[in-house]
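Engineer: Okay, predicted coordinates and the sequence, questions at the end:
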Amino acid sequence: MSTPDLAKLEATAKEIRRKIIKITTEAGSGHPSSSMSATEVVTALYFGGFLRHNKSNPRDPKRDRFILSKGHAVPVLYSALCEAGYFTFDQIMTLRKLGSPFEGHPNMAKLDCIEASTGSLGQGLSLGVGHALACRLDGYDAHTYVMSGDGEMGEGQMWEAIASASKYKLSNLTLIIDQNGYQQTGSHAEVLDLRPFDSKLKAFGWETLVINGNVMSEVVDALGKLKSIKDRPTCIVSQTKKGFGILPVLETTGDVNYHGKPLSKELAEKALAYLA
Amino acid sequence: MNIGEISGLKLGKATRDAFGMALKELGGEFPAVVTVDGDVGNSTRTEWFAKAFPDRAFNVGIAESNMVGVAGGLAAAGKIPVVSSFACFLICNAFDQIRMSVAYPKMNVKMVGSHAGISIGEDGASQMGIEDVALSTALPHVVTIVPADANSARKATRAMLEHNGPVYLRCGRIEVPEVYGADAPFTIGKANTLNDGKDATIIANGLMVGIALDAAALLAKEGITVRVLDMHTVKPVDEEAIVAAAKETGRIVVAEEHLMAGGLGSVVASVVARTTPVPMEYVNVGDTYGESGDPMGLLEKYGLTAEAIVGAVKKVRSR
């Protein structure tokens, strides 16, 4: 694999953030801030050559998989898929509208390029374990990436899945914890503090990497290391900020969490100008 | 009391045993089949498949939520996962995982709940799945099958694997009489008529089918003839057979080893009320939990007997 062009990836991430803002403001609801914390990772996966996907055959059994377990952040996925040519911008502008396949949380039954129907938190890693086991059985060199939130780690099923991935030494499975520090009613520290994740995952037999997930070079570097780990599943603890990319704009609202709400048209204009 | 004694049926295998044997036998014919267990494979009988096909069997430990999720992922990758546990742990513990990772995306996952009903006996209420049919039939896309005996369970296992989509197969722990021979007819969604009569229809499934046949024999001695339908598929239910029963016999009794709420009785009642209102009575566990005891003693204590069905038929005829 050739070395990804960081400047190009950063420009793509910026464009994906612009789309996230546009589609959620148009929808009048959604989770732009939770989408933006994850933007560098999703951008690097789809545009940095890490996730081998096939636009003409999205369910190609040999494809790599990206499962968005924190399904509320789906605007980042729709925007990345749009940027990758799966959809037009007009299509994803129907987000959350009646009849649109771009539902508020991902629905794999309506879109072939969506790997999992998520939205009930805690379930994506188990699905990833299933994919990883199937790929191994079939002899496919396919890698499965699952992204969860840090608040989502409160779900017991995550830890069941972590244990089972370790049992089967699923080196073809990577969990990326988008540790943006906030959940619905407050900070991760206030609600249910499960940090540090890396030592917990290590104790379960996983290899862990801790990065600043909003710095593209660190994301690319971490994703590049995964294939060299051959005997165990891998976890990237991606330390991020909710709403990264437009933080100064969000700070003017006085709400550092900015959970589960779109930007007003006026705020969106300011944010888009900031990202220009 | 012995089930099937009155009607002269001979005791056969438990439905869980028939399922386990069938799954192992079908493993070669269905190479995509894999099993996912929550460490009770020796109870659900998937261990027979697991011993024959060790590479295709995954025991993820006592973690039903993950077990069902892993099955969802395997199905999304083209496998036909058979995920099993006790009916209550599979359906109740992992209900949201079944909803989100199986039913909603229409995953080709086969869910097998063993130890359904109160007839599991001594282990008591915590191990008894008596609300599982209500829960599974509540979910869109999920086929729900409750076989009456070993031959039917064997046929149901093949039908389940051939069906493309989520299926819940409900099995029991104890040996039950052979209602069918080896040529048991089995089509998903198609009830079997085991006895015909004109005075009422008993619609049953699971081990209550044998008991319903006993009741039919008792009633015949009194000159009352009843139709007995084995409604092995609760969803999609055989509406045609229910409507015909209502029209032709005018009275319906539903017998099942399940709570009153949401079981076969509710499903039949909703068809009857919408199409052909006729008087109905019910023989089931009611609105309570079970307890420890011997299986036959429990069936008697909770009123799941031929005599109870006879009483229900007489009551429904008096209305």
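Structural biologist: Cool, got the structure.
Engineer: distance of A:Gly151 from chain B?
Structural biologist: Counting by C-beta to the nearest C-beta, to the nearest Å, the separation of A:Gly151 from chain B is 17 Å. Where C-beta positions appear, they are placed from N, C-alpha and C, glycine not excepted.
Engineer: and that residue, what is it in contact with?
Structural biologist: Counting by C-beta atoms under 8 Å, 6 or more residues apart in numbering or on different chains, A:Gly151 touches A:Leu121, A:Tyr182, A:Gln183, A:Gln184, A:His188, A:Val191, A:Leu192.
Engineer: and the host helix or strand of B:Gly69, average pLDDT?
Structural biologist: For B:Gly69, the host element (DSSP states H and E) is helix B:64-76. Regarding helix B:64-76, the rounded mean pLDDT is 98.
Engineer: what about it, distance to the chain center?
Structural biologist: On the basis of C-alpha atoms, centre = their mean, to the nearest Å, helix B:64-76 sits 22 Å off its chain's mean C-alpha point.
Engineer: With stretch B:159-166 instead?
Structural biologist: That offset, for stretch B:159-166, works out to 16 Å (C-alpha atoms, centre = their mean).
Engineer: Can you give the contact residues for that stretch?
Structural biologist: Taking C-beta under 8 Å, 6+ apart as the rule, stretch B:159-166 contacts B:26, B:30, B:33, B:80, B:98, B:102-103, B:106-111, B:139, B:141-143, B:145, B:167, B:169, B:186-188.
Engineer: what's the answer for stretch B:176-191, then?
Structural biologist: Here stretch B:176-191 has contacts from B:3-4, B:9-15, B:143, B:145, B:147-152, B:154-156, B:159, B:163, B:192, B:194, B:203, B:207, B:209-210, B:213, B:229-233, B:236-238, B:241-242, using C-beta under 8 Å, 6+ apart.
Engineer: Buried among those? Need that as a selection in PyMOL.
Structural biologist: To isolate the buried members of the contacts of stretch B:176-191 in PyMOL, using 16 or more other C-beta atoms under 10 Å in any protein chain shown:
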select buried, chain B and resi 3+4+9+12+13+14+15+143+145+147+148+149+150+151+152+154+155+156+159+192+194+203+207+209+210+213+229+230+231+232+233+237+238+241+242
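Engineer: and the contacts of stretch B:176-191, which of them are in strands?
Structural biologist: B:Val143, B:Ile145, B:Asn192, B:Leu194, B:Ile203, B:Leu229, B:Asp230, B:Thr233 (DSSP state E).
Engineer: Which members of those are the farthest-apart pair?
Structural biologist: B:Val143 and B:Leu194 (21.6 Å; C-beta to C-beta).
Engineer: Contact partners for residue 80?
Structural biologist: Answering for chain A, as no chain was given. Applying C-beta under 8 Å, 6+ apart to A:Ala80 gives the contacts A:Ile16, A:Val42, A:Thr43, A:Tyr46, A:Phe47.
Engineer: nope, chain B please
Structural biologist: Contacts of B:Ile80 (C-beta under 8 Å, 6+ apart): B:Phe30, B:Ala32, B:Val33, B:Val34, B:Asn108, B:Lys110, B:Leu161.
Engineer: Model confidence for the nearest residue in space to the second one that is not next to it in sequence, exactly?
Structural biologist: When the adjacent residues along the chain are set aside, B:Ala32 lies closest to B:Ile80, with 4.5 Å between them (C-beta to C-beta, 6 or more residues apart in numbering or on different chains). Here the pLDDT value assigned to B:Ile80 is 98.
Engineer: beta partners of B:Ile80?
Structural biologist: Taking DSSP bridges as the rule, B:Ile80 bridges to B:Val33.
Engineer: The stretch 101-250 of chain A: strands as residue ranges?
Structural biologist: Secondary structure of the stretch 101-250 of chain A by DSSP state E, counting those that start in this stretch: the strands cover A:144-149, A:173-179, A:182-183, A:186-187, A:207-212, A:234-239.
Engineer: Of the contacts of A:Ala80 - the most surrounded one?
Structural biologist: A:Ile16 (30 neighbours; other C-beta atoms under 10 Å in any protein chain shown).
Engineer: Residue of chain B nearest chain A, please.
Structural biologist: Nearest residue of chain B to chain A (C-beta to the nearest C-beta) works out as B:Gly73 at 2.0 Å.
Engineer: For that residue, give me its contacts.
Structural biologist: Counting by C-beta under 8 Å, 6+ apart, B:Gly73 has contacts A:Ala116, A:Ser126, A:Leu127, A:Gly128, A:Val129, A:Gly130, A:His131, A:Ala132, A:Leu133, A:Ala134, B:Ser101.
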